[in-house]
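1. What follows is a predicted protein model with its sequence.
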Amino acid sequence: MNDHVVLQNVVYSRGVRRIFNDVSLTVPRGKITAFMGPSGTGKTTLLRLIGGQIMPESGTLWVDGQEIPKLGRHELFEIRKSMGMLFQSGALFSDYSVFDNVAFPLRIHTDLPEKMIRDLVLLKLHSVGLRGAAGLFPAELSGGMNRRVAPARAIALDPKIIMYDEPFAGLDPIAMGVIVSLIKTLNEAFGMTSIIVSHDISETAGIADLIYLISDGKVVGAGSPEDMYAEQSPRVQQFINGLPDGPVPFHYPAADFEDELLQNAR
């Protein structure tokens with residue numbers, strides 16, 4: 001099966017708000033796929049659906065050929081072992097050393113001897129350039145270093161899929177360049193399927209094989225980075241070019257401004 005993740009006619013709401021309305025998309029195996037779009041469009045919610053943390057109201061989704069909404073608790077737990085997640089904040093355990101942060105999933109989910117865990121942890125840390133920081137604690141690391149430990153922990157169990165939630169947020173240009181290169185390198189070296197949620201157009205477009213632009217509960221654009229830049233849809237152009245006004249309006253819906261001012265003057 002060439003597609004690692006498949007969503008078909010997915011509908012999902014949060015309260016009275018419809019987040020996704022009949023969304024269908026595919027994530028190709030072994031490639032880097034990006035979910036992009038304006039704030040509040042549910043990009044991170046897509047990651048939670050793929051991970052089985054939440055379920056669609058209707059429609060369905062498959063991960064590695066398994067239909068997520070039909071899996072029992074034990075089956076969900078097992079398939080999650082094949083997924084790595086990099087949270088926006090890094091989400092490292094502050095009281096654990098870098099080494100112990102990366103070793104944590106290995107100690108929880110495997111019965112490997114400590115000597116083998118040591119070798120695997122050093123291998124993962126070496127892949128992100130931080131083997132020398134194994135004995136440090138998160139508070140002793142820079143923000144960029146924290147963001148590099150997080151993927152080392154995310155790949156500890158050699159997942160088939162790794163999901164990045166806003167991996168470039170708050171990074172300086174050097175740290176951002178390191179993370180961009182790291183995502184590409186890990187994808188190629190370990191043959192994983194990578195999914196990125198991001199607002200950073202240039203960095204994401206530089207490494208993504210496929211981009212989905214999501215707005216108003218639907219996929220409004222899809223294709224390679226070159227396809228997206230060439231797309232003439234006003235919604236796509238507004239996002240790609242960072243225009244302050246357009247199909248996504250600058251002003252939140254409100255009553256007529258003049259009428260409201262006159263009403264307050266009475």
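-> Received it, and whenever you're ready, just let me know what you need.

2. For residue 174, see how far away residue 31 is.
-> From residue 31 across to residue 174, the span is 27 Å (Cβ to Cβ, to the nearest Å). Bear in mind the C-beta positions are built from the backbone N, C-alpha and C, glycine included.

3. Which parts of the chain are helices?
-> Per DSSP state H, the chain carries helices over the ranges 43-50, 73-80, 98-109, 114-127, 143-154, 173-190, 201-207, 225-230, 234-241, 257-265.

4. gap between the fifth one and the chain center?
-> In this case it means helix 143-154. 14 Å (Cα atoms, centre = their mean, to the nearest Å).

5. Which elements pack onto that helix?
-> Applying 3 or more Cβ pairs under 8 Å, 6 or more residues apart in numbering; DSSP states H and E, we find helix 143-154 packed against strand 83-86, helix 98-109, helix 114-127, strand 161-165, helix 173-190.

6. Hey, what's the angle from the second one to helix 143-154? Just curious.
-> Spelled out, that is helix 98-109. Compare the direction of helix 98-109 with that of helix 143-154 by axes from the mean of the first three to the mean of the last three Cα atoms, to 10 degrees and you get 20 degrees.

7. Likewise for the fourth one?
-> Counting by the same axes, to 10 degrees, strand 161-165 lies at 150 degrees to helix 143-154.

8. helices or strands up against strand 161-165?
-> helix 43-50, strand 83-86, helix 143-154, helix 173-190, strand 193-197.

9. Including mean neighbour count, could these go into CSV?
-> CSV is the format used below for those (neighbours: other Cβ atoms under 10 Å):
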stretch, mean neighbour count
helix 43-50, 20
strand 83-86, 23
helix 143-154, 22
helix 173-190, 16
strand 193-197, 24
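
10. Turn the ones you listed into CSV, including distance to residue 103.
-> Output for those, formatted as CSV (distance: least, Cβ to Cβ, whole Å):
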stretch, distance to residue 103
helix 43-50, 24
strand 83-86, 15
helix 143-154, 9
helix 173-190, 18
strand 193-197, 23
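
11. Using a markdown table, lay out these together with distance to residue 11 and mean pLDDT.
-> A markdown table is the format used below for the helices and strands packed on strand 161-165 (distance: least, Cβ to Cβ, whole Å; pLDDT from 0 to 100):
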| stretch | distance to residue 11 | mean pLDDT |
| --- | --- | --- |
| helix 43-50 | 11 | 90 |
| strand 83-86 | 23 | 85 |
| helix 143-154 | 29 | 84 |
| helix 173-190 | 31 | 83 |
| strand 193-197 | 20 | 93 |
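
12. For residue 70, find the nearest of the ones you listed.
-> helix 43-50 (13.9 Å; Cβ to Cβ).

13. okay if I get the helices of the chain as JSON lines plus distance to residue 67?
-> As requested, these are exported to JSON lines (distance: least, Cβ to Cβ, whole Å):
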{"stretch": "helix 43-50", "distance to residue 67": "12"}
{"stretch": "helix 73-80", "distance to residue 67": "10"}
{"stretch": "helix 98-109", "distance to residue 67": "23"}
{"stretch": "helix 114-127", "distance to residue 67": "31"}
{"stretch": "helix 143-154", "distance to residue 67": "25"}
{"stretch": "helix 173-190", "distance to residue 67": "26"}
{"stretch": "helix 201-207", "distance to residue 67": "29"}
{"stretch": "helix 225-230", "distance to residue 67": "30"}
{"stretch": "helix 234-241", "distance to residue 67": "31"}
{"stretch": "helix 257-265", "distance to residue 67": "50"}
